[in-house]
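Trainee: Give the three-dimensional model of this entry:
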Amino acid sequence: MPTFDPQSFAGEELLCIRGERTVFAALDFTVSGGDALILSGPNGSGKSSLLRVMAGLLAPAAGTLRRNGAAVEEDPEGHRASLHYVGHLDAVKPVLTVVENLSFWAAMQGDRTQVTSALETFGLAPLASMSARLLSSGQRRRLNLARIAASPAPLWLLDEPAVGLDTASVAILTSLIAAHRAQGGIVILSTHTDLGIEAAASLHVDDFSVAVVAA
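Mentor: Residues are numbered from 1 along each chain as shown. Next up, the predicted model:
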């Protein structure tokens, strides 16, 4: 893994509205290189929405995201190019093989040199030439997660990454997170599973619900 230059990522007074519902308001966070931030809260509290805001997939109704002190809105494409976002839905193209899927994603980050090792890391090398439509749900999840090992990106945004994984795959994921942080990377994730991530900060998204903010 590469060593990343010192990084910082922060949100200031973030407001998220979905439809007619205010999901969270006045939400602040700050993370630096090597940090891990775990998002917690009950279902519907806004963890997934916050990760989508962080990834630039959902615009906040108010507030500012800053990357290394600069507003993300000043260079949204550069921001998206420097992160990995893994959501609930597996972004697997069924018409492509396993290796073609991973090569496609890695090419978007500009580096396909780690595709083979990423397949090996998640135990997918024997399935490399298999059509993705034939994969089980667990294999699809591992393929989706293999993106974070296939090409460098300093910021990882992971939404319930352990869902559908067996114990061995969870251990692999936890090890990758630790290695990424050791190289100066940032990891922000939501999870209902204790991944044993050391020295991780916690952000309770439900603390920023409208009712709590109004109180």
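Trainee: Looks to me like His84 is in a strand.
Mentor: Yes - membership of His84 in a strand is supported by DSSP: H, G, I helix; E, B strand; the rest coil.
Trainee: okay but it is in contact with Ala153, surely?
Mentor: Yes - using C-beta atoms under 8 Å, His84 and Ala153 qualify as a contacting pair, with a distance of 4.6 Å. Heads up, the C-betas are built off the backbone N, CA and C, glycines and all.
Trainee: shared neighbours, the two?
Mentor: Gln109 (C-beta atoms under 8 Å, 6 or more residues apart in numbering).
Trainee: ok, and what's touching the longest helix anywhere in the chain?
Mentor: As assigned by DSSP state H, the longest helix anywhere in the chain is helix 167-182. With contact meaning C-beta under 8 Å, 6+ apart, helix 167-182 is reached by 1, 34-36, 121-123, 138, 141-142, 145, 148-149, 156, 161-162, 165, 187, 193, 195-198.
Trainee: for the record, mean pLDDT for stretch 159-177?
Mentor: Averaged across stretch 159-177, pLDDT comes to 95.
Trainee: which stretches of the chain form helices?
Mentor: Using DSSP H, helices in the chain cover 47-55, 76-81, 98-108, 115-121, 137-145, 147-150, 167-182, 210-214.
Trainee: need the ones you listed in CSV with mean neighbour count and distance to Gly63, can you?
Mentor: Below are these laid out as CSV (neighbours: other C-beta atoms under 10 Å; distance: least, C-beta to C-beta, whole Å):
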stretch, mean neighbour count, distance to Gly63
helix 47-55, 23, 9
helix 76-81, 13, 15
helix 98-108, 20, 28
helix 115-121, 19, 35
helix 137-145, 20, 29
helix 147-150, 25, 27
helix 167-182, 17, 26
helix 210-214, 11, 13
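Trainee: Ala128 is nearest to which of these?
Mentor: Nearest to Ala128 among the helices of the chain is helix 98-108; the distance by C-beta to C-beta comes to 4.2 Å.
Trainee: how much space between the closest residue to Arg133 other than its chain neighbours and His84?
Mentor: Nearest residue to Arg133, sequence neighbours excluded (C-beta to C-beta, 6 or more residues apart in numbering): Pro94, at 3.6 Å. Pro94 is 21 Å from His84, where distance means C-beta to C-beta, to the nearest Å.
Trainee: who's more crowded, the two?
Mentor: Taking other C-beta atoms under 10 Å, Pro94 and His84 do not tie; His84 has more neighbours (23 against 11).
Trainee: quick one: contacts for the residue most central in space within the chain?
Mentor: Taking C-alpha atoms, centre = their mean, the centroid of the chain lies closest to Leu157, which sits 1.8 Å from it. Residues counted as contacts of Leu157 (C-beta under 8 Å, 6+ apart) are Leu51, Met54, Ala55, Leu83, His84, Tyr85, Val86, Ile188, Leu189.
Trainee: Ok, His79 next?
Mentor: So His79 contacts Gly56, Leu65, Arg67, Val72 (C-beta under 8 Å, 6+ apart).
Trainee: out of these, who's nearest Val23?
Mentor: Leu65 (15.7 Å).
Trainee: Tell me how many other residues crowd the closest one.
Mentor: Neighbours of Leu65 under the rule other C-beta under 10 Å: 22.
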